[in-house]
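Colleague: output the structure for:
(chains A and B)
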Amino acid sequence: NAGVTQTPKFQVLKTGQSMTLQCAQDMNHEYMSWYRQDPGMGLRLIHYSVGAGITDQGEVPNGYNVSRSTTEDFPLRLLSAAPSQTSVYFCASSKDSITYEQYFGPGTRLTVT
Amino acid sequence: AQSVSQHNHHVILSEAASLELGCNYSYGGTVNLFWYVQYPGQHLQLLLKYFSGDPLVKGIKGFEAEFIKSKFSFNLRKPSVQWSDTAEYFCAVWPGSSARQLTFGSGTQLTVLP
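Modeller: Now for the predicted structure:
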């Protein structure tokens, strides 16, 4: 199993541009999440999904959209990039809501200029 | 809303020193607790977890953590650190029940000097 994969690893955007961060998992996990990691703030939940077709907002959802058309994929869309969205983004998946043990992807480092 | 506090932002130790990293949470009900580790340039990995039972849990690489319900704490310990333990450590809480969000602390950067 590849686990949780994310692309791209690095990205530089100009203010106002849009892009999609890709996340995929091959473990047949129902739960998937997107976090952003900023220095001194730990990980903050952006959006999460409890299964295909079901998504919900986390702690910091503004400026981001998600969709979950399949169990495997959970892309994160930045609608109009802002410098405040410069961060490292992690996708995670977990098997169920009982253990909620999350498996993380390698991350995407995004810089918005 | 629940919160997780990690009061030590940066800890510097020499090899063979003992380690204790603090974690306190604010949720009053049943909780599931986790410690994750992020080695330089790598993604987060689960170090250990507590769901129920023995409040002293053992994880990988010689780490352990003790859940003290009365203190709302889940401190991470290791009797003798190694240079390879240099990493950032995150405590996380899942309140269980209908909650579907894992709340992370701000992290503690551990630097172990050779």
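Colleague: spatially central residue in chain A, please.
Modeller: With distances taken as Cα atoms, centre = their mean, A:W34 lies nearest the centre of chain A, 2.9 Å away.
Colleague: for that one, name its beta-bridge partners.
Modeller: A:W34 forms beta bridges with A:H47, A:C91, as assigned by DSSP bridges.
Colleague: measure it to B:K69 for me?
Modeller: 31 Å (Cβ to Cβ, to the nearest Å). Quick note: C-beta positions are derived from backbone N, CA and C, even for glycine.
Colleague: now swap in A:S49 and tell me
Modeller: The gap separating A:S49 from B:K69 is 31 Å, by Cβ to Cβ.
Colleague: more neighbours, those two?
Modeller: Shown here are A:S49 and B:K69; by other Cβ atoms under 10 Å in any protein chain shown, A:S49 has more neighbours (21 against 10).
Colleague: so the more buried one touches A:W34, yeah?
Modeller: No: look at A:S49 against A:W34 with Cβ atoms under 8 Å: they stay out of range, at 9.0 Å.
Colleague: joint contacts of the two?
Modeller: Taking Cβ atoms under 8 Å, 6 or more residues apart in numbering or on different chains as the contact rule, A:S49 and A:W34 both touch A:V66, A:F74.
Colleague: where does chain A dip in pLDDT?
Modeller: For chain A, applying pLDDT under 70 flags the ranges A:97-100.
Colleague: picking that back up, so the residue nearest to the centre of chain A sits against A:F74, correct?
Modeller: Yes: in terms of Cβ under 8 Å, A:W34 counts as a neighbour of A:F74; the distance is 7.1 Å.
Colleague: mind listing what B:S18 touches?
Modeller: B:R77, B:K78, B:P79, B:S80, B:V81.
Colleague: quick check: closest non-adjacent residue to the third one.
Modeller: Using Cβ to Cβ, 6 or more residues apart in numbering or on different chains and skipping the chain neighbours, the partner closest in space to B:P79 is B:S18 (5.4 Å).
Colleague: okay, the one you found: pLDDT?
Modeller: pLDDT, B:S18: 97.
Colleague: mind checking the SS state of B:S84?
Modeller: Secondary structure, DSSP: H, G, I helix; E, B strand; the rest coil: B:S84 is helix.
Colleague: that one and chain A: what is the separation?
Modeller: B:S84 sits 20 Å away from chain A, going by Cβ to the nearest Cβ, to the nearest Å.
Colleague: and that residue, how many neighbours?
Modeller: B:S84: 10 surrounding residues under other Cβ under 10 Å.
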